[in-house]
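Engineer: give me coordinates for this.
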Amino acid sequence: MSGLGGFGGWRPALREARTGWPVLVVLAVLSVVLTVASLLWPPVFDGLATKELGRRLAAGQVDGPLVVARAELNAPRNFSGQSTAPQFGTLDSDLTRVGEGMRQGASGELAHTLVRVSGWAQSDGMDLKGEGVPWPNGSPGSVSLAYAQDAADRVRWVAGRAPAQPDGPEQAPVELGMSRRGLEKFGLRIGQRVTLGGRTAFTEAVVVGEFEPLDGSDDLWRELPLLNEPMDAAVPNGYVRYGQAMVAPAALEAMEARGALSLSAVWVFGAAEQPWGTGGTTAGVRELSAGAREFTRSAVTRVCGEVVVDSLACPAGVRTVAPPQLQERLSVLVDGFARQRARTVSLQSFALAGLLAIGVSTAVAAARLGARRREGALALQRARGAGEVALAAVRLLEAVPAVVLGVLAGWAVSGALAGGRPLGGWWPALTAAVLVAGAPAVAVWWQGRASRRAGREPVQRRGAKRALGLSARLVVEGAVLVLAAAGVLQLRLRGATPPGAVEPDLQLALVPVVLGLAAVVVVLRVYPVPLRVLTGWARRRRGTVALVGLSQAGRRSAAAATALLVLVPALGCAVFGALVSGTVRHGRVEAAQWRTGGDAVVLGPSQRHLPLEELAKVPGVGGVLSVRGGVAALTADEDGSVVRGVGLVGVDQAALARFEPGSRVAAALDAAGLSAPLAAGAELPALADAKTAARYPDGSFDADTGASRIRIRIVGVLPAGAERDRAIGPVVGDVSGGPLLVFGGPAAERLPGQTGQRNAAVLFAEPGRAGSVAGAQRIDGTRLRAVVAASAATGGAGGGGSAGGAIRRGAPVEVRDLPGQLNQWADDGLVSALELAFRVAAAIGLLLGLAAVVLELLLGSAERGRMLAYLRTLGLGARAAAGVQLVQLLPVMAAAVIGGTLLGLGLPWLLGPALELRAFTSGPGAPAFAPDWASIALAALGLLVLVPCAAALEGVTGRRRVPQVLRLGEGAQ
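Structural biologist: Numbers count the residues shown, from 1 in each chain. Take a look at the predicted model:
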């Protein structure tokens, strides 16, 4: 025994291991659970994030393609520059050659995301003439010929047939297909012959078919809106009706033979995330965003080579193509997704870290039970000379095989459930496994330390220990509190995201765990105080159940530490998750109300007027508020400094006060006297946000709005929170958080229209009441959209009607209502994944808390049995004995519920700016914390139910071991 200080040999060690197998089983099960959680956490949530990215890509393409390329496709020519048209059957292949060539310029995650490319080509507009062909608006209509490679999948021919190849390249009529609205507006019929006159020559054409869109909102009708719905547009001499006709590719090839030098070509790239894709991972989303930004260059390089000159055409089969001009919205969408995903991963890592900490705490409870069950054998070994290091080493040797088997089993389960995705990093699982395996050794060492201290005279302390009166417990508790305070301070100083942040955010994950330990320390220090008060109250009462139960709870207050070490963090994690979930959902409702303004809103190009009078007549609309929006760069007269990106908002304060009586913006505008008339060329008075007003008090500026310049003067300060005013929310969404100027009265009417900016018509079902889902449902949405589609604002932006309205050619026309805004966020996979992470962590944590309570009850079962047996001999009934056991648990339950709830609710205040949730809400500012009280109550109720269940379970399993009567000469403890 001298070699290991009293080790005792392998056979005694194995015999002890056989007696302690229940604890080893608990450690093995904990290792399995923690390993599966650590390894399976990233692939599961990466898969959910990838699925959400795919949903957002699909939703983003509802408003138009995310990646579009445009170019001029030149007619085929020989080396002498002479036309070699027609070359039938080459246009389609040339479009494919260029489109696929650009798509092959994508690499990495972008190459997997761009799943298809479709090419469209169209000729210049030509005058539509012929016998019996009317001249709308007193002038011939203008029709261009369009071919789409995927038109067969997008239209249904309701009469006639699809256009085919002309019989002859030089003279034969070109076959046309037109929509029903096109035939009606141009006064044509199937079989009618017409003449198309262009800049070079005339060509004969014949209408052979009528089509209708299968889906009037897909990409084809956005990029070629006139194909489905002709449009009247103003020209110097009146109006001209513009439209398009669908043709076969051979028709455009024949037009090249008849003098068309070039065709306008468009390539639309379809984006989708494959189920097996990795776009939702950290590396995948970063690679996709970078690839989308780089694609505007790499695609052109792929087609034209490294040296690209705008004046030189690039080879494209038998034709040449000008260097394509790419427009992409994909990177903006992916960047927004990446910001939300980064916050999701940070919060999910906190849930995982909390789960691992709860698992380790449960292992500590199991280790304490094992040490107590072997207390007699260990005392005998110590009496025979066994050293503490040797005894701890034996416990470690017992635990390591069980933990290793648990880790391997968890790895096998994780691999089977990962679905082919790479597992998470091993370091969380291994860290938890090391702590779980070391728990029995630490428990034995701590027990031996307590035995040594109990068996010797108090030691006279000296030096710092005597001066400070320090004990080991105080040192540990003080270290935990100091570490928690330092972590909180560091998080609050660094903000939401540290410089050079990587995922996951270890600091944000670990600091709440340390705060959980600090909460346990505080609860344990406070726990005896109310318990003594309650015990004193019980002494003054006649019953014995409360007195005995509370007295026993007080005697075992130190033993409650293990249960609280698990229960407080578990409930704190559940409450914090409910708080985050409630805050995000409440913040999204507020953001939807802010973006809508009222019950509904119509947004249109600021350079064109919205149909306010027509909108006011829509059934269900009680009032319409006009709001003008814009952006300007201000040059101060005072020092010449330039302030860029200043949001401009113009609103009639009287109307705003009528529709929203509580609007502080309306009150401020009215108090500033901004309704007074203005002279021609006068400065436009405005109220500025507090920061801008403080920097330029009574300042005057030259404002550059792009196409025009105006003079602006600050005459007052906006009230706090003005940017949150719902009436101006629809037009300041893009500049929220920056400088803001609000104009009222005549100044609002003089704000110039800007290309790319939008005005708003905010609709109220009931003036004087804030917008609501019920109010939005009273408005006739079908009629509202019909009025918008027929308006001049929609037509001037690029076409309307059943083709889907204006999508390109300037700012889009958009109709928003509150239910629609809420529905856009209802299926957000990132928020659902975040809620799932906390629910899983809370559920497993509470189950582990149940296990910890059972272990703690088993730890004191013999002592309680002797006490109850003694009371039974004194005449205590069975029901009263059960009441004593329940009362013993009440203080622990109350401490866990109160401590865990306060911990979960206090974490947002402690974490401060590090807990950034605005990325999920997209509102005017950080959402106010709004706990989900129903979920919090459910978690607390679950704890209150689980603890008595644990007591009942312990009573059933330990019935045979607990003595029912006192043996002769044995006293009650």
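
Engineer: could you measure Leu226 against Arg241, distance?
Structural biologist: When distance is defined by Cβ to Cβ, to the nearest Å, Leu226 is 10 Å away from Arg241. For the C-beta atoms, the positions are set from N, CA and C on the backbone; glycine is no exception.

Engineer: which of those two has more neighbours?
Structural biologist: Leu226 (24 against 21; other Cβ atoms under 10 Å).

Engineer: helix, strand, or coil at Thr692?
Structural biologist: Here Thr692 is recorded as helix under DSSP: H, G, I helix; E, B strand; the rest coil.

Engineer: which residues touch it?
Structural biologist: Counting by Cβ atoms under 8 Å, 6 or more residues apart in numbering, Thr692 makes contact with Val643, Val646, Ile714, Pro739, Leu740, Leu741.

Engineer: excluding chain neighbours, what is closest to the first one?
Structural biologist: If the residues on either side of it in the chain are set aside, Val643 comes closest to Leu634, at 4.5 Å by Cβ to Cβ, 6 or more residues apart in numbering.

Engineer: next one: phi and psi at the one you found?
Structural biologist: phi -100, psi 130 (degrees, to the nearest 10).

Engineer: so it makes contact with Val642?
Structural biologist: Yes - counting by Cβ atoms under 8 Å, Leu634 touches Val642, with 6.9 Å between them.

Engineer: so which of the two has more stuff around it?
Structural biologist: Ranked by neighbour count (other Cβ under 10 Å), Leu634 and Val642 place Leu634 first, with 24 against 11.

Engineer: part of a helix, is Val646?
Structural biologist: No - secondary structure of Val646 (three-state DSSP): strand, not part of a helix.

Engineer: return the set of residues that bridge with it.
Structural biologist: Ala632 (DSSP bridges).

Engineer: count the residues that sit near it.
Structural biologist: 23.

Engineer: I'd say it and Val732 touch.
Structural biologist: No - using Cβ under 8 Å, Val646 makes no contact with Val732, being 10.8 Å away.

Engineer: shared neighbours, those two?
Structural biologist: Leu740.

Engineer: so for the helix or strand containing Leu378, mean pLDDT?
Structural biologist: In the assignment (DSSP states H and E), Leu378 maps to helix 375-383. The average pLDDT within helix 375-383 is 71.

Engineer: with stretch 161-175 instead?
Structural biologist: Mean predicted lDDT for stretch 161-175 stands at 85.

Engineer: show the contacting residues for Lys185.
Structural biologist: Lys185 touches Pro136, Gly141, Pro230, Arg241, Gly243, counting by Cβ under 8 Å, 6+ apart.

Engineer: just Val36 next, same as before
Structural biologist: Gly410, Val413, Ser414, Leu417.

Engineer: tell me how far the third one lies from Leu39.
Structural biologist: Read it as Ser414. For Ser414, the distance to Leu39 equals 4 Å [Cβ to Cβ].

Engineer: what does the first one give?
Structural biologist: Using Cβ to Cβ, one gets 7 Å for the distance from Gly410 to Leu39.

Engineer: return every residue with contacts to both of the two.
Structural biologist: Ala429.

Engineer: could you pull out the helices for the stretch 651-800 of the chain?
Structural biologist: Listed in chain order, the helices of the stretch 651-800 of the chain (DSSP state H, counting those that start in this stretch) span 653-659, 664-671, 690-695, 729-732, 746-749, 773-778, 781-789, 792-796.

Engineer: tabulate those in TSV, adding columns for distance to Gly604.
Structural biologist: Output for the helices of the stretch 651-800 of the chain, formatted as TSV (distance: least, Cβ to Cβ, whole Å):
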stretch	distance to Gly604
helix 653-659	18
helix 664-671	22
helix 690-695	28
helix 729-732	11
helix 746-749	16
helix 773-778	19
helix 781-789	8
helix 792-796	4
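
Engineer: what's the span of stretch 183-191 from first residue to last?
Structural biologist: End-to-end distance for stretch 183-191: 12 Å, by Cα to Cα, to the nearest Å.

Engineer: try stretch 814-832
Structural biologist: So stretch 814-832: terminal residues 28 Å apart, Cα to Cα.

Engineer: now that stretch, how far from the centre of its chain.
Structural biologist: The chain centroid and the centroid of stretch 814-832 are separated by 12 Å under Cα atoms, centre = their mean, to the nearest Å.

Engineer: okay then, goodbye and thanks.
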